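*Asks:* Return atomic coordinates for the entry below.
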Amino acid sequence: MSTSLRRLLIALALLVLFYAGASVLATLSQLANAADRVAMGAGQYVFWSLLALFAGLAATPLLLYFRLPKPLIPPASQQEPAYGLYLQRVLASLQRNPLLQGQVLRDAHDIAPALEHLGKLADEAALKAASGTFVSTALMQNGRLDGLIVLALQLRLVWRLMCIYQLRPSPRQALYIYANVGGALLVASSIEDVDFAEITTPLLSAAAPSLAENMPGLGGLSRLLGNSLANGAANAFLTLRVAMLTKQYCQALVRPDPVPLRKSASLAALALLAVVSRDSGARVVKAVFKGAGGALSGAASATTQNVMNSVSSGANAAGGQVRKVGQQLGRAFSASAEGARKMVGLGPKPQDKDAGAASEDGKP
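*Replies:* Below you'll find the predicted structure:
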């Protein structure tokens, strides 16, 4: 890497870190203003107290970082003469690692199994941190607080991974890692502005249109779930990506190339994101449905009652129409019978006339 490009990347990393610090100060100012509304004059104490707290939190990783063993700078390739000496230093570092007690570490051939074991521990730590990030940011739904949560969890995760490998990255690698942490903070602070429900709500309506129309409140719930799960997944992916970058820097046996390193870290983060989304997403959905259960049950009861009322009204209306048709048919049959009788009465029988004449003759 040329000197000018290295300086440019360092300047960009410092700019990202500066912007992340400015975002933290803006968040602290908002909290101080909220404290002023509760108690006049309390905002200043809240601001400086929180600033001191976050300054201590930011300084603690640096102090702990310099307490770790010095970084092992890998050679550019395996063909360099320094590669054998580097493997010996890595082997000595692994032999001092308390997480590898009981594992055979005699020569360079035992380095790969040891790094694989540490890699599994690093993946477990990354999954745990990403799950916490997923659930916290999905349920919080506040950009500023989400940014602070992501910052705290990722700083703790980077420190945890360094402790697993009992190594610290070189200053340049550490600057690159923490620049990614700062970038994750910026994304987490602004991701709430993205309305993911514009994508998920039409999918739900297309999948179950009658359900979405007949269940009041289901559209709003699907919108909330869509935004929550998307925010949590995005922040969890950023956390996993930072973890994979740190992991690959700590276990590199040759000097890593930044471009393939970023791609492989993103692919590994996506693979782990499927596990996090499955487990943590189920927890978020249960929490949302538990909170909205009463509203949904009430809406379902109201919908059921409306449907029953509609069916009853329709049945009554249909019965009335049937009765009207029956009455009209009855009148028609009566009119037809009366007409038939009249038509029969127009031609009286002869015996009826003789009987009438006899009755007249028999009169006194």
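*Asks:* mean confidence score for the helix or strand that Ala152 is a member of?
*Replies:* Here Ala152, judged by DSSP states H and E, is contained in helix 143-165. The average of the pLDDT scores along helix 143-165 is 82.
*Asks:* Quick check: which helices or strands does the helix or strand Lys128 falls within pack against?
*Replies:* Per DSSP H and E, Lys128 falls inside helix 111-140. Secondary-structure packing of helix 111-140 (3 or more CB pairs under 8 Å, 6 or more residues apart in numbering; DSSP states H and E): helix 82-95, helix 143-165, helix 218-250, helix 258-345. Where you see a C-beta, it was placed from the backbone N, CA and C, and this is true even at glycine.
*Asks:* relative to helix 143-165, how tilted is that helix?
*Replies:* For helix 111-140 against helix 143-165, the angle by axes from the mean of the first three to the mean of the last three CA atoms, to 10 degrees is 160 degrees.
*Asks:* buried ones in helix 111-140?
*Replies:* Within helix 111-140, the residues that count as buried by 16 or more other CB atoms under 10 Å are 111, 114-115, 117-119, 121-123, 125-127, 129-140.
*Asks:* now swap in stretch 18-38 and tell me
*Replies:* Ala20, Ser23, Val24, Thr27, Leu28, Leu31, Ala32, Ala35.
*Asks:* Helices - which of the residues you listed land there?
*Replies:* Counting by DSSP state H, the buried residues of stretch 18-38 place Ala20, Ser23, Val24, Thr27, Leu28, Leu31, Ala32, Ala35 in helices.
*Asks:* Please report how far Arg255 lies from Ala11.
*Replies:* 22 Å (CB to CB, to the nearest Å).
*Asks:* again with Val181
*Replies:* Distance from Val181 to Ala11, by CB to CB: 17 Å.
*Asks:* quick one on the thing from earlier: let me know the closest of the ones in helices among the buried residues of stretch 18-38 to Val284.
*Replies:* Comparing these against Val284 with CB to CB places Thr27 closest, at 23.6 Å.
*Asks:* Correct me if wrong: the closest one contacts Leu151.
*Replies:* No - with contact defined as CB atoms under 8 Å, Thr27 does not reach Leu151; the gap is 10.0 Å.
*Asks:* Run a quick neighbour tally on the residue nearest to Thr246 when sequence neighbours are not counted.
*Replies:* Closest residue to Thr246 apart from its sequence neighbours, by CB to CB, 6 or more residues apart in numbering: Leu161 at 4.6 Å. Leu161 has 27 neighbours, counted by other CB atoms under 10 Å.
*Asks:* what residues are up against Leu161?
*Replies:* By CB atoms under 8 Å, 6 or more residues apart in numbering, the contact set of Leu161 is Ala122, Ala125, Ala126, Ala243, Thr246, Lys247, Cys250.
*Asks:* What distance do you get for the residue nearest to the fourth one when sequence neighbours are not counted to Phe237?
*Replies:* Excluding its sequence neighbours, the residue lying closest to Ala243 (CB to CB, 6+ apart) is Ala126, at 3.6 Å. Going from Ala126 to Phe237 by CB to CB gives 11 Å.
*Asks:* Over to Pro75?
*Replies:* When Pro75 is compared with Phe237 (using CB to CB), they lie 32 Å apart.
*Asks:* In stretch 260-278, which of the residues would be classed as buried?
*Replies:* Buried, per 16+ other CB under 10 Å, within stretch 260-278: Leu261, Arg262, Ala265, Ala268, Ala269, Leu272, Leu273, Val276, Ser277.
*Asks:* I'd say the last one and Ala236 touch.
*Replies:* Yes - distance between Ser277 and Ala236: 7.3 Å, which falls inside the contact criterion (CB under 8 Å).
*Asks:* hey, what's in contact with both of the two?
*Replies:* Phe134.
*Asks:* Give me the residues contacting stretch 240-247.
*Replies:* For stretch 240-247, using CB under 8 Å, 6+ apart, the contacting residues are 119, 122-123, 125-127, 129-130, 154, 157-158, 161-162, 169, 176-177, 180-181, 184, 261-262, 264-266, 268-269, 272-273, 276.
*Asks:* Stretch 59-66 - what's its average pLDDT?
*Replies:* So the average pLDDT for stretch 59-66 ends up being 74.
*Asks:* in the stretch 151-300 of the chain, which segments are predicted with low confidence?
*Replies:* 168-176, 182, 184-223, 291-300 (pLDDT under 70).
*Asks:* Near Ala243, how many other residues are there?
*Replies:* Counted with other CB under 10 Å, residues neighbouring Ala243 total 27.
*Asks:* and the gap between it and Leu273?
*Replies:* Taking CB to CB, one finds Ala243 at 11 Å from Leu273.
*Asks:* Overlap of the contact sets of these two?
*Replies:* Ala130.
*Asks:* before we move on, the earlier item: how about CSV for the buried residues of stretch 18-38, with distance to Trp48 and pLDDT added?
*Replies:* Formatted as CSV, the buried residues of stretch 18-38 follow (distance: CB to CB, whole Å; pLDDT from 0 to 100):
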residue, distance to Trp48, pLDDT
Ala20, 20, 80
Ser23, 18, 83
Val24, 14, 84
Thr27, 14, 86
Leu28, 9, 87
Leu31, 12, 88
Ala32, 9, 89
Ala35, 11, 89
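*Asks:* Export those residues as JSON lines, with columns for distance to Pro69.
*Replies:* Output for the buried residues of stretch 18-38, formatted as JSON lines (distance: CB to CB, whole Å):
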{"residue": "Ala20", "distance to Pro69": "28"}
{"residue": "Ser23", "distance to Pro69": "33"}
{"residue": "Val24", "distance to Pro69": "30"}
{"residue": "Thr27", "distance to Pro69": "35"}
{"residue": "Leu28", "distance to Pro69": "35"}
{"residue": "Leu31", "distance to Pro69": "38"}
{"residue": "Ala32", "distance to Pro69": "40"}
{"residue": "Ala35", "distance to Pro69": "43"}
